[in-house]
Each structure stands twice: as structure tokens, then as C-alpha cells.
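Engineer: Please find the sequence and the predicted model below.
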Amino acid sequence: MAEVQDGHYDSSADSLRVEPIYESFLCPLTKQIMRDPVTLESGATFECQAILKWFKESDSSGRRLICPVTRKELSSTELNPSIALKNTIDEWMHRNEAAKLDVARKSLTSESSESDTVQALEYVAEICQRSRSSRHVVRKLGLISLVSELLKNSSTKVRQKALESLRFVAKDDNDNKDEIATRDNIRSIVKFLSHGHVQEKEQAASLLYELSEYKPLSEKIGSVPGAILILVGLSSSKVENLLTIDRAEKTLVNLESCEKNVRQMAENGRLQPLLRLLLQAGSPDTQLSMAAYLGELVLSNDMKALVAQTAGSALVNIMKIGNGEAREAALKALNQISSYDISAKILIEAGILPPLITDLFTVGSNQLPMRLKEVSATILANVVASGANFQSIPLDHSRQTLVSEEIIHNLLHLISNTGPAIECKLLQVLVGLTSSSATVQGIVDAIKSSGATVSLIQFVEAPQREVRMASIKLLNNISPRMGLELADAFRGNFSQLSSLIRVIGDNNGISEEQAPAAGLVADLPLQDSVLTRHLVQDGAFTTIISKVMMIRQGESRGGRFVNPFLEGLVRIISRITFILEDDPDITAVACQYNLTALFTDLLQMNGLDTVQIVSATALGNLSRQSKHLTKILPPSTPGLCFSIFPCINQKSVSTGECRVHHGICSSRESFCLLEGKVVEKLVACLDHNNEKVVEASLTALSTLLEDGVDIDQGVMVLCDAEGVKLILDVLCENRTEALRQQAVWAVERILRTDEIAYEISGNQNVGTALVEAFRHGDFKTRQIAERALKHVDKLPNFSGIFSKMGAQ
């Protein structure tokens, strides 16, 4: 038996045929059911378009015009519509269509075989493509619900064909779309987008797109959990087929008609629809809604930059001229996107600074509510943290900038007259400005001129951790330039210094707050004995040394804060060594904590240059006191010295007496470098890449050559440690002026030993270095270099010229 689909003769659907097809219904040329039958003068009937095509081909080929059926020549091409046949065909098709739909209906069940079900679905799809009235019939017969149920069928082929059929059912028919969207069908369709086979996914995307063409369904589709997220993923996929990607993209475009969907898209990284609504000159309520929602979103850094680039200027404009509600929404959105450096810089270009400053400083009836001033302060803190060049960004017509003295004075005044939340953000603004070497001095000058030092220090006792931390960071940034002023303020209220020590001593790991607290205390003038004695009385050094030991033993964790924290701690401990002179109490403290051993250990922390510099400096300070603290023995008969250079293998006679200090020494009580076995470790640092480490180590070793000690024995100690050669290398390398000065001093002392002077006299490099120092050094260095050159017979040994020059 035969079947027809959309007018085509088809033998694949015999089981659905109800009435047989008549030969007269078929066009002799196309073998298809005629939809517009016409009759020629020969009496033969054809499909209108088919016979017209025949005539055209005959004319173009030059053939005689004949009837395709009778083969008789035609005298006319007149076409007579066969209305009766057309009506008969239409009636037959309607009868057959209804009957076949009824047969198909019986096959659309889970009990039917896969082949029967697929054939029925194919017929439903075919009939729905004929006309809208056919789709109406499908709905009236209740086939939509039957087809929808097949989305749960176990057969992939059936599910795929059901999706395809529903797409044709829904085409241009909103009533059918409404019915498809009932129950749980949309959820089932969405599920195919993420879990279906390739063809199922493609059909599901096409069906969902067709449904989304009907605006009333947009919200319903978007309300399905995960639908928009899945569509966003598909639209940007690199692996799905192009049709699926295209349908997902077009579906999302349709869903943008619902604001709720736009918000969901923004949540899932598709921000463009939200930004379009924000920027379009449409409903102010919509614009306000989008701005407010933008402030609630959690955005990635890339998204923040996109928003700043796309909508930054619009948001800044709303902030400047919008009503109260609009300004609040804009401020919250700007707060969100300004937290990323790149987007903050874009906002600066969009002109955000002037209105921010205006909002913060305006008082009276036009001022912002305090909760919004807090948002403005937060945005300003974010913007300042971007590290832009604020010196070149004018705030008004008078060309004031964010670092102008008047602006800083106003910020300091606001800090002192507002609540903790705004205090914290404005302190963070000053932290950002003082973190730049280009602007820190201007901020320091403004703080000094405003007399705000004392009021800033009081925040180190703030109960709010964020306020306290911002204050400590700010004070740490300015302490290298305001050490004296800060010391005066702390001396006026020791409780604030004690508060810093409590922060440093906190045992909950190593926090962001502790590192700047340690740095702040460390930056206070090292020779301020009043502060150091207070730290001793407060038990600060016990706390700090225990912290150092915990770090050294790996018991404290703090990630990126460990090294700056340790550096600050070591610098604080070193304060003791700067006030040892004629102070038995402080000397006793140094003995109590065994500082020689501590700094010797810290000296060996390779990779932490600051720790090594401070440790070497402290060891030098300690060693300088050894000559005063050694216990002098009664005089004894001196032995013979058979020193020659080099003297690596020379051994001293063990008498219990220190070779250099000629008394009983110890590393703990007299801070002796020899007894502490520190000399070799300091010598090793002379080969360091950092000139400051070398300088500090050389200065410490030079205490073995100072007046008041046995210089000859000090030289021998350096020989034993292979230090003389390295000191000569330092001199010859001439890395910095400070190093040259120290090296010239040490070499002159070393060359007082005749044997060494003799050996060195032939070293051309040393001679050249001394000559250079003699020619180009400062007055004192030239004097010392002159003496050194005399030791190696490079200059005649007669009165120097420098004393005469000095007299002149």
C-alpha cells in the first residue's frame, strides 16, 4: 500500500494508512498528490507548478509543445483549475489525516513497539508541518501530552523523535507552546541539554528555542533550576555542534525579555544583557534595578574589568546626578567593581574621584547618609589601592589632587570625627597613599602640619581589628620618615606601645596585622633608651624572642607575612645593642637573653638579607662592649709570636685568656666574637651579594681591630678565619663608598702587622685600591688611606699633608 507525506508519495507508513490513495490524485509528472490541480486541452490533469515547469523547459529547448500524458501537440497552454478534483483531494486528505492521527494516537504509548512509536511520531511531525490547522488538530486530539510523556521513554530514538515532533507541534502556535510547557516538560527538555546524547541535545536546544520565541514562557524557562547556567555553558562551548550552540545562544537572547533571567545570566557570567539594560535609555526603574543587582553580584576580576569598561562612566554619572535611590545603587555597584586594580583604574579615567571626594566632604542637608558615606570611603580605598598616579589627577578646577595638603587635612579631620566603619576605610586610603614612594612624603608633611600624629596613634588601641590594622599599617608606612615624632607620641602614652606588643605577641599564627606592628616598633629611633627600657620593663623582649625562636623552629605559620614579621622582630631585639654603653641594666638584659648566640644563629639565615644585616650590626655592637666586660687577669710573661702571613695554621696557647681582649671572655656575658665562634660566620658574609650585608659584617669584624683591644691578635684571628683575603677583596672591588671607607679602615689596621704589610706590598690591586681611596675618598678616608700606603711603602713616611690642610 502507499502513503503520502506532505503531498509526497511514500510507502513507509502503510500501517497508518486508512483510505487507499487514488491514482487520479497523483500528478503524472511529480507522482505526488496534487494540491493545485489544473487541466490541459488534452484532458490530462497536472499539478499547476509542475506543468508550468514542463512548458518552460520545452520552450527553452525548442521542443514542440505536447501533452506529457497523451503526447499530442498542444495548441494552447491555457490551464483550467480542476476545482472539483481539488475539493475531493482535500476531503480525502482531511479524512485520512484524522483517521491516521487516531491510529497514531494509539501507537504513542509505552506499550507500543519502538518502530510503531517512531513511525507515529514521524507522522505527527509531518502533519504539523502542513498547516497551523493541522497543529490545532494535534492539540485537540490530546497528542501533545502523549508525545511529551515519551520524553521519559527508555529508547534514545523515541526520545529524540519526541523532541523533534514537539518542535514541529510548537512551531508558530502559542497555544501548543503553552500546553507543552505544562507539568514538568520544560524541566525534562532542559535535562537533555546536559545529559542527553548529541542528537537529543541538539533537538532539545531547538525545541527550547522554539518555546522561548513565545515571551510569556521566558520566565518559566528561566525558573527551571540550572536552565540558564546550562544554556550559558552551551552558548560558549568549544566542543558542542554548531547548531546546538546557535540554538542555545538564540534562546538566551529570547530569555532576556525577563529581568529575572537577565539577573540569572549575570550570576552565571553573562553580563552583557544586564549591562545593556543598564545603559539603554529605557525605564529608569529597570536601570535602577540593574544597577542595584550589579552591586549584589559576586564578580570575577575579568567581569569587574568588563563592567568598568562598559558601564563605568554611566555608573559614575548616576552617582553624580541621580536621586538618592539611584545613587545608592550606583555606589554599591561601583564598590563591587572597584575592588580590582584594573577596573579601579578604568573608573579613575571615568572621573570617579571628584564625586567621591565631594560625597565624603559634603556636610549639611545635602550630605550622604552615613551608610553611603561608608560605601564611598570603601570605593576610595579600593581606588587608591590600585596604585595609580594620584599626583596627576585633578579633583577640581583649582587643580587640587588627592595628595594635596588640604585634601589630606580634610581626610584626617573626617577620620577623627566619624564612626569605626568610615575610619577604617579612610585609614586604608592613607595606607594606600603612603605605600607609594612618590606620595608618602607629601602625606607625612600633611600629617605633621595637621598635628594628627597623636590622634592616629590612638587607633592602635581600637577594639575593631580592621581599624587597628589599618592604623598600624599607616604608621608603619610613615615610621621611616616620622620616627622621632612617633617616638615622642609613644613616650606620652606607653599603653599604646604596649598594645603594639600585644598584637605582636598574639599566638594565632602570624597575621597581616603583626608584620607591620613589628615593623613600626622596629622603626622607632634605635638609640631611644626611654622606649627600649619601657619595652624591657613591659616584658616585650621575652615575647619577641620567643616568637623568633618559634619561627626558627618552624612552629609558627604565616605564609607571606613570616619574613617581614621576622625582620621586624629581629630589628626590635637589636635595639638593646644600641644602648649598652655604660648601662649595666641593659647589659644584664643582653646577657640574660644570650643575644650573641641569638644573633649568631640569625646571621646564618641565608636569603633574608635584612635579618643578616641587623644580626651582623647587633653582633658588632655587642662585640664593641667586650673590651669593657672581659675579666682582666693578672699580667703574665708574654710569649713569643712567630706570626707570618698567611697564618692559617697558627695556634694560640691555651691559657683561658682571650687573645684579643686579654681577659676571661664568654659569648654570653662579654659578647666575645671569638668565644661565640662568630668570626668565621661573619667572614663568610663578606662574600655576600648584598653590599649591606658585607658592610655590616665587616663593621662587626672591625671591632677586633679597634683601639682598646690587641690589634695584632685581632689580625691573627682574622688570618685564622681566612678573613684578611676577603677584606682585601672588598677593598679592591670598591662596590660602594661606604664599603670602601670601612675596608680602608680595616686594611690600614691589618697592615700595621709588618709581616702582612710586607706580603701585601707586592699586591698591585690592593695598592691601586688604596691609591684610589687616597685620591677620591672623603677627608677621613684619605687620611687612613695615606697611613695604609705608608705601611706598604707606597708613600714616604713623613708628616702627612692632611693636618696642614685641616689647619688651613
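Structural biologist: Thanks, I have it.

Engineer: And the longest helix along the chain, what's buried?
Structural biologist: When the chain is parsed with DSSP state H, its longest helix is helix 465-492. Across helix 465-492, burial judged by 16 or more other CB atoms under 10 Å covers 466-479, 481-483, 485-487, 489-490. Bear in mind the C-beta positions are built from the backbone N, C-alpha and C, glycine included.

Engineer: Measure how far that helix is from the centre of its chain, please.
Structural biologist: 28 Å (CA atoms, centre = their mean, to the nearest Å).

Engineer: any idea of the mean pLDDT for that helix?
Structural biologist: In this model, helix 465-492 has an average pLDDT of 95.

Engineer: relative to helix 465-492, how tilted is the next helix or strand after that helix?
Structural biologist: Downstream of helix 465-492, the next assigned helix or strand under DSSP states H and E is helix 494-505. Comparing the axes of helix 494-505 and helix 465-492 via axes from the mean of the first three to the mean of the last three CA atoms, to 10 degrees yields an angle of 130 degrees.

Engineer: by contact count, what packs against the longest helix of the chain?
Structural biologist: Other helices and strands packing on helix 465-492, by 3 or more CB pairs under 8 Å, 6 or more residues apart in numbering; DSSP states H and E, are helix 420-434, helix 440-450, helix 453-457, helix 494-505, helix 514-523, helix 529-537.

Engineer: Would you mind measuring from the nearest residue to Asp583 once chain neighbours are set aside to Leu619?
Structural biologist: Excluding its sequence neighbours, the residue lying closest to Asp583 (CB to CB, 6 or more residues apart in numbering) is Ser529, at 7.4 Å. Per CB to CB, to the nearest Å, Ser529 is found 20 Å from Leu619.

Engineer: what do you get for Arg187?
Structural biologist: 75 Å.

Engineer: closest to Phe671 out of the helices and strands packed on helix 465-492?
Structural biologist: Distance to Phe671, taken as CB to CB, is lowest for helix 529-537 among the helices and strands packed on helix 465-492, at 17.0 Å.

Engineer: Contacts for that closest one next, please.
Structural biologist: 487, 490-491, 494, 497, 501, 521, 524-525, 541, 572, 575-576, 578-579, 583, 585-586, 589 (CB atoms under 8 Å, 6 or more residues apart in numbering).

Engineer: Now, of these, which are buried?
Structural biologist: 487, 490, 497, 501, 521, 524-525, 541, 572, 575-576, 578-579, 586, 589.

Engineer: Which residue comes closest to Thr610 once chain neighbours are left out?
Structural biologist: In space, Thr610 is closest to Glu567, 4.4 Å off (CB to CB, 6+ apart).

Engineer: Give the buried residues for stretch 698-706.
Structural biologist: Leu698, Thr699, Ala700, Leu701, Ser702, Thr703, Leu704, Leu705.

Engineer: what helix or strand is Arg371 on?
Structural biologist: helix 370-384.

Engineer: ok, back up a step: Ser529 and Leu619: who's more crowded?
Structural biologist: Using other CB atoms under 10 Å as the criterion, Ser529 and Leu619 rank with Leu619 on top: 31 against 15.

Engineer: residues contacting the more buried one?
Structural biologist: Thr596, Phe599, Thr600, Leu603, Leu673, Val678, Leu682, Ala700.

Engineer: Could you report the pLDDT at it?
Structural biologist: The model's pLDDT for Leu619 equals 96.

Engineer: How is it classified with respect to secondary structure?
Structural biologist: helix (DSSP: H, G, I helix; E, B strand; the rest coil).

Engineer: how close does it sit to Leu704?
Structural biologist: For Leu619, the distance to Leu704 - CB to CB - is 11 Å.

Engineer: which residues does Gly419 contact?
Structural biologist: Per CB under 8 Å, 6+ apart, neighbours of Gly419: Met370.
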